[in-house]
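Student: I'll drop the sequence and a predicted model, then ask my questions.
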Amino acid sequence: MDALILGAKSVIAVMLLFAGGAKLADVAGFAATMRLFLPWQPPRAVVRGSAVSVAGGELLLGAGSLSSPSVRWLNPVIFAVALLFVGVAAVGYVLYRGRSCRCFGALSQRKFDALGVLRSVAIAAIAAVAMAAVRPTAVHVSATERALLTVAAILLALAALAAARSVGSSQITESRLTVR
């Protein structure tokens, strides 16, 4: 059972790292999506800063969860974030069906749709499993292992960022070629 719970915790941590890194590569696109959900139109810098904060929060939660699996208070925080994903997907489906969600920056062409709501519910379910208690011996991580896991988290986020930048720049190039 511990393996299932820790596996769920790892899946959510990696997803957060991947999503956060990809959002940082496409801050403008993610900020445009965030703007859809605001009842007023704050200055672009405020929305952009909020988008960077969301991506940074995902990175911190993912890295913390991956490198320090025994830190139990992170589990309900990550579950709450997953529930927020469900809310955003549901509201996006109702109000902005067919528009890009930019959940994974330029790496995802996903739109607000019923399948997106289902995916976010699945993410929340996995995060719920990750909240279950495990034996303390199952989550013992030495300082060296914690450092290596932190480096792995950073590398994963950087890989997502680089991939999203590459995809984003190729999409721009394709659109320029189509316009000509």
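Tutor: Alright, I've got the coordinates.
Student: so who does residue 135 touch?
Tutor: Counting by CB atoms under 8 Å, 6 or more residues apart in numbering, residue 135 makes contact with residue 2. From N, CA and C alone the C-beta is placed, and that goes for glycine too.
Student: so what's it scoring on pLDDT?
Tutor: Here, the pLDDT recorded for residue 135 equals 87.
Student: would you agree residue 71 falls within a helix?
Tutor: No. Counting by DSSP: H, G, I helix; E, B strand; the rest coil, residue 71 is not part of a helix but coil.
Student: so residue 37 versus residue 115, what's the distance?
Tutor: Going from residue 37 to residue 115 by CB to CB, to the nearest Å gives 20 Å.
Student: what's the answer for residue 34, then?
Tutor: In terms of CB to CB, residue 34 sits 21 Å off from residue 115.
Student: so for these two, which sits in the more crowded spot?
Tutor: Neighbour comparison, residue 34 and residue 115: the larger count goes to residue 34, with 18 against 12 (by other CB atoms under 10 Å).
Student: the chain: helices as residue ranges?
Tutor: When assigned using DSSP state H, the helices of the chain occupy the ranges 2-25, 27-36, 44-67, 74-96, 114-130, 143-179.
Student: so which of the ones you listed is nearest residue 104?
Tutor: helix 2-25 (4.5 Å; CB to CB).
Student: buried residues in that closest one?
Tutor: Within helix 2-25, the residues scored as buried using 16 or more other CB atoms under 10 Å are 5-6, 8-10, 12-25.
Student: could you tell me the angle between that helix and helix 143-179?
Tutor: On the basis of axes from the mean of the first three to the mean of the last three CA atoms, to 10 degrees, helix 2-25 is oriented at 40 degrees to helix 143-179.
Student: state the mean pLDDT of helix 2-25.
Tutor: 94.
Student: please pull out the lowest mean pLDDT helix or strand from this structure.
Tutor: helix 143-179 (a mean of 80; mean pLDDT, DSSP states H and E).
Student: residues of it that come out buried?
Tutor: 149, 153, 156, 157, 160, 161, 163, 164, 165, 167, 168.
Student: so who does the closest residue to residue 14 other than its chain neighbours touch?
Tutor: Distance criterion CB to CB, 6 or more residues apart in numbering; nearest residue to residue 14, sequence neighbours excluded, is residue 156 at 6.5 Å. Counting by CB under 8 Å, 6+ apart, residue 156 touches 14, 17, 18, 21.
Student: one more time with 10 Å, if that's ok
Tutor: 13, 14, 16, 17, 18, 20, 21, 59, 62, 63, 66 (CB atoms under 10 Å, 6 or more residues apart in numbering).
Student: quick one: which of the residues you listed is nearest residue 80?
Tutor: Distance to residue 80 across these (CB to CB) is lowest for residue 16, with 12.7 Å.
Student: quick check: residue 20 touching residue 57?
Tutor: Yes. Taking CB atoms under 10 Å as the definition, residue 20 is a contact partner of residue 57 at 7.5 Å.
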